[in-house]
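Visitor: kindly return the folded structure for what I paste below:
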Amino acid sequence: MIRTALLLVSDLLHLVALACSSHNRLAAENLFLRKQLAFYVERKAKPRRLNDAARIALVLLARLIDVSVRRTPS
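Guide: Sure, this is the predicted structure:
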């Protein structure tokens, strides 16, 4: 339980750092993640099972994105 909470705090701090970082850094990280995904697809590697903190972070981010999309006028 404590480990999950610490991982969530770590993810939150990483998100805040990304939000405050430059566009170039964010683009570089995006490129790296795309290359990493391509590597896994090419090697047909099975993804590791998500831990509890990752699941919670994904749910919270999905809700945050959903709320921001609903607030954006079309």
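Visitor: contacting residues for residue 51?
Guide: 4, 7 (CB atoms under 8 Å, 6 or more residues apart in numbering). Bear in mind the C-beta positions are built from the backbone N, C-alpha and C, glycine included.
Visitor: rerun that using 10 Å as the cut-off
Guide: Counting by CB atoms under 10 Å, 6 or more residues apart in numbering, residue 51 touches 3-4, 7, 57.
Visitor: now do the helices in this protein.
Guide: Per DSSP state H, the chain carries helices over the ranges 2-20, 23-43, 52-71.
Visitor: spatially central residue in this structure, please.
Guide: In the chain, the centroid-proximal residue (CA atoms, centre = their mean) is residue 58; its distance is 7.0 Å.
Visitor: if you drop the residues flanking it in sequence, what lies closest to that residue?
Guide: In this structure, residue 58 finds its nearest non-sequential neighbour in residue 50, 7.5 Å apart by CB to CB, 6 or more residues apart in numbering.
Visitor: give me the neighbour count for that neighbour.
Guide: 11 (other CB atoms under 10 Å).
Visitor: stretch 33-52: which residues count as buried?
Guide: Within stretch 33-52, no residue counts as buried by 16 or more other CB atoms under 10 Å.
Visitor: can you get me the start-to-end distance on it?
Guide: One end of stretch 33-52 sits 21 Å from the other (CA to CA, to the nearest Å).
Visitor: which secondary element of the protein has the worst mean pLDDT?
Guide: For the chain, counting by mean pLDDT, DSSP states H and E, helix 52-71 ranks last in confidence among helices and strands (a mean of 78).
Visitor: which strands and helices sit next to that one?
Guide: helix 2-20 (3 or more CB pairs under 10 Å, 6 or more residues apart in numbering; DSSP states H and E).
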